[in-house]
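Visitor: what would the 3D arrangement of this be:
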Amino acid sequence: MYRDWLYNRRSEKTRKKKASKLGQKWTSRMVIEQLRKEEIIEKTGAMPGSKTFIERYQTTLTAVMAGLSKEELEEAQNTAIEWSAKTPPAAVQADFAKKKAPGLMKDLVSKLWKQAGVDLRCRSVETFNKNNKTRQRYWSAVLVLRSAVFSSCSK
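Guide: Residues are numbered from 1 along each chain as shown. Below is the predicted model of the structure:
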């Protein structure tokens with residue numbers, strides 16, 4: 001208890017960051033959330049990303065799960081075991097990449113700089129379409145070695 005209290009109150013520079021976790025253990029709730037995403041969004045009755053949507057999302061997901069039969073819940077559990085052992089479908093992997101890419105890139109950049117002296121400069125371009133409410137991200141990266149930067153500056 002005291003360790004947590006003290007940890008939360010020290011400066012950010014001295015805190016140890018947790019390593020980024022790429023894999024995850026799937027649960028039946030997570031599988032249902034991925035497979036029935038459109039139904040859940042529709043039943044919330046709010047715009048995705050809005051405050052009311054965030055407030056209603058978990059209760060709507062719980063209501064959708066309560067409305068499923070035992071066979072469907074068992075199938076979701078089996079799917080969760082399969083996805084944990086192997087890989088989920090490509091569409092689910094793409095959603096995961098959209099959510100996790102910025103954080104993973106930030107961790108990668110800081111680790112490469114601290115440990116190897118490599119500066120990884122990432123550029124992202126986001127395009128927003130207000131009519132369909134979609135956005136796309138494009139990533140490009142440039143590797144720059146610390147010694148190469150200094151040698152090019154000295155010439």
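Visitor: give the buried residues for the top helix by length along the chain.
Guide: The residue-count maximum for a helix in the chain (DSSP state H) belongs to helix 90-116. For helix 90-116, the neighbour count (16 or more other C-beta atoms under 10 Å) marks 92, 105, 109 as buried. All C-beta spots, glycine's among them, are computed from the backbone N, C-alpha and C.
Visitor: let's have these in JSON lines, adding distance to Gln34 and pLDDT.
Guide: Output for the buried residues of helix 90-116, formatted as JSON lines (distance: C-beta to C-beta, whole Å; pLDDT from 0 to 100):
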{"residue": "Val92", "distance to Gln34": "5", "pLDDT": "88"}
{"residue": "Met105", "distance to Gln34": "23", "pLDDT": "78"}
{"residue": "Val109", "distance to Gln34": "29", "pLDDT": "78"}
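Visitor: wait, which of those residues is closest to Glu82?
Guide: The closest of the buried residues of helix 90-116 to Glu82 turns out to be Val92 (C-beta to C-beta; 11.9 Å).
Visitor: quick check: the closest one touching Gln34?
Guide: Yes - assessed by C-beta atoms under 8 Å, Val92 is found in contact with Gln34 at 5.3 Å.
Visitor: strands of the protein, residue ranges please.
Guide: 118-129, 134-145 (DSSP state E).
Visitor: which pLDDT value goes with Gly23?
Guide: In this prediction, Gly23 carries a pLDDT score of 70.
Visitor: please tell me how far it sits from Leu104.
Guide: 12 Å (C-beta to C-beta, to the nearest Å).
Visitor: now Thr52: closest residue in space, sequence neighbours ignored.
Guide: Ala46 (4.1 Å; C-beta to C-beta, 6 or more residues apart in numbering).
Visitor: look at that neighbour and report its pLDDT.
Guide: 88.
Visitor: that one: neighbour count?
Guide: Ala46 sits with 16 neighbouring residues when counted by other C-beta atoms under 10 Å.
Visitor: where's Arg29 relative to Thr59, distance?
Guide: 13 Å.
Visitor: give me the more crowded residue out of these two.
Guide: Neighbours per residue (other C-beta under 10 Å) separate Arg29 from Thr59, with Arg29 holding more: 15 against 11.
Visitor: what average pLDDT does stretch 29-38 get?
Guide: 92.
Visitor: tell me which residues are up against that stretch.
Guide: 40, 61, 64-65, 68, 76-77, 79-80, 83, 88, 92, 95 (C-beta atoms under 8 Å, 6 or more residues apart in numbering).
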